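[1] I'd like to go over a predicted model; first the sequence, then the structure.
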Amino acid sequence: MDEWLTTKAEELSHETLKRVRSILRRSIAQAQREGVVGRNVADLVELPQGQEGRPSKSLSLEEAQSVLQARRGSWIHAYVVLALLVEVRTEEERPLTWSHVHIDTDEGDRPHIDVWRSVRRRGETKTRKSKRSLTMPYYAAAALSEHRERQQERCAASGGEWSDSRLVFPHSGETQRSSTNVLRNLRALIKGADLPAPHEWTTRELQTSFVSLLSDHGTPIEVIARVVGHNGTQRTETVYRKQLRPVITEGAEAMDQILKPAGTWSSPGGSLLGSPTCEHAVQPGSHQEGREAWELTQVRRRSWGRSSRSPDSRVAGPPG
């Protein structure tokens with residue numbers, strides 16, 4: 001095993017080598033419990049130094065604005081909006097259900113999301129502080145509202161029964177998407193945004209981009225660490241600098257301001273907000289205009305809910 005790891009060290013990064021040894025340890029430990037082997041040789045080997053890993057990168061403000069305009073009205077657009085503007089990790093988005101997304105809030109409350117589960121073992125989040133509730137920027141709330149409407153329409157058209165226990169980003173057959181599927185769709189979206197080398201981007205770099213955008217905007221590192229669910233500021237500073245009050249609002253409020261100059265408050269699906277034919281189109285501008293974008297989706301949703309109760313409606317109304 002020493003020789004094999006030394007050979008792998010010539011091509012793998014040091015972090016990947018550590019993960020490989022960890023997998024070997026767990027596998028051999030299982031074999032020990034079953035009486036197949038006498039001892040765990042993975043505990044005895046010395047880990048060689050691997051190659052330098054590729055440094056994480058992040059989207060610039062201009063690139064982020066381009067990404068937010070690409071493939072609007074698709075599930076991957078809503079997925080990227082949630083990752084980039086709210087900093088929900090991809091391992092937390094894939095098992096996310098609508099019961100943890102609070103778009104239709106009471107008067108005075110902002111839309112928010114409960115990040116309570118991940119695809120990790122037993123569904124636990126990365127750290128204790130990673131289990132958190134985050135306020136959404138209004139653009140993210142509008143994107144998710146329209147994404148839910150499309151999902152409900154497909155559900156009704158197929159004769160299914162809508163439930164908030166459904167996945168927010170399901171694969172065919174209402175199964176959970178794989179990380180490979182998400183990555184492939186993300187790179188297609190980045191290619192559509194005309195960014196160079198789309199094949200080099202990873203889902204994790206949406207998180208580094210979130211941190212970088214907030215940092216460039218002057219958001220204190222302590223606030224960023226809280227929003228991303230870190231136990232302290234050291235990891236945020238070293239890894240992400242390049243970037244439960246019950247609901248944490250600072251990240252959402254900053255994102256409302258950061259992205260206002262580029263007209264990103266237009267409708268995620270292109271069907272309502274910012275449409276040249278829409279009487280109430282929202283133009284690029286302030287945090288208040290972003291709020292208006294979200295509120296317009298709520299007005300449309302309430303109107304849609306009333307019409308859905310008519311006898312000839314083809315779509316079931318939203319859950320009560």
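    Arrived safely, thanks for sending.
[2] which secondary element of the protein has the worst mean pLDDT?
    The helix or strand of the chain with the lowest confidence, counting by mean pLDDT, DSSP states H and E, is helix 287-308 at a mean of 64.
[3] Residue 208 versus residue 34, what's the distance?
    41 Å (CB to CB, to the nearest Å). From N, CA and C alone the C-beta is placed, and that goes for glycine too.
[4] Neighbour count for the two, which is higher?
    For the pair residue 34 and residue 208, the greater number of neighbours falls to residue 208 (22 against 8), based on other CB atoms under 10 Å.
[5] can you map out the helices along the stretch 101-250 of the chain?
    Under the criterion DSSP state H, counting those that start in this stretch, the stretch 101-250 of the chain contains helices at 138-157, 179-192, 204-216, 221-228, 233-235, 250-258.
[6] Same question for the third one: list its buried residues.
    Counting neighbours by 16 or more other CB atoms under 10 Å, one finds that the buried residues in helix 204-216 are 205-215.
[7] Could you check how far the closest residue to residue 110 other than its chain neighbours is from residue 99?
    Spatial nearest neighbour of residue 110, excluding adjacent residues (CB to CB, 6 or more residues apart in numbering): residue 135 at 4.8 Å. From residue 135 across to residue 99, the span is 18 Å (CB to CB).
[8] Kindly report the same for residue 149.
    17 Å.
[9] Those two - which one has more neighbours?
    The neighbour count for residue 149 versus residue 99, taken as other CB under 10 Å, is higher for residue 149 (18 against 13).
[10] Could you list which residues are in contact with the most centrally placed residue in the chain?
    Per CA atoms, centre = their mean, the C-alpha nearest to the average position across the chain is that of residue 83, at 2.8 Å. With contacts defined as CB atoms under 8 Å, 6 or more residues apart in numbering, the neighbours of residue 83 are 89-90, 93, 203, 206-207, 210.
[11] by how many degrees do the helix or strand encompassing residue 79 and helix 179-192 diverge?
    Counting by DSSP states H and E, the element that carries residue 79 is helix 75-86. Using axes from the mean of the first three to the mean of the last three CA atoms, to 10 degrees, the inter-axis angle of helix 75-86 relative to helix 179-192 is 90 degrees.
[12] and whatever helix or strand comes next after helix 75-86, what's its mean pLDDT?
    With elements assigned by DSSP H and E, the helix or strand that comes after helix 75-86 is helix 90-93. Average pLDDT, helix 90-93: 86.
[13] what packs against helix 90-93?
    Under the contact criterion of 3 or more CB pairs under 8 Å, 6 or more residues apart in numbering; DSSP states H and E, the helices and strands touching helix 90-93 comprise helix 75-86, helix 179-192.
[14] Which single one of the buried residues of helix 204-216 is nearest to residue 66?
    Nearest to residue 66 among these: residue 209, at 12.1 Å, using CB to CB.
[15] Residue 223 touches residue 252, doesn't it?
    No - at 11.5 Å, residue 223 does not count as touching residue 252 under the criterion of CB atoms under 8 Å.
[16] who's more crowded, those two?
    With neighbours defined as other CB under 10 Å, residue 223 and residue 252 compare such that residue 252 has more, 26 against 17.
[17] Please report how far that one lies from residue 85.
    From residue 252 to residue 85 the distance is 8 Å (CB to CB).
[18] Could you list the low-pLDDT ranges of the chain?
    Scanning the chain for pLDDT under 70 picks out the ranges 53-55, 119, 121-130, 235-250, 260-290, 292-294, 299-320.
[19] please redo it, this time with the cut-off set to 50
    Filtered on pLDDT under 50, the chain yields the residue ranges 243-247, 267, 269-285, 309-320.
[20] quick one: contacts for the residue sitting furthest away from the middle of it?
    Distance to the chain centre peaks in the chain at residue 38, reaching 43.8 Å (criterion: CA atoms, centre = their mean). Taking CB under 8 Å, 6+ apart, we find residue 38 in contact with residue 32.
[21] Check residue 8 too.
    Shown in contact with residue 8 (CB under 8 Å, 6+ apart): 17, 20, 50.
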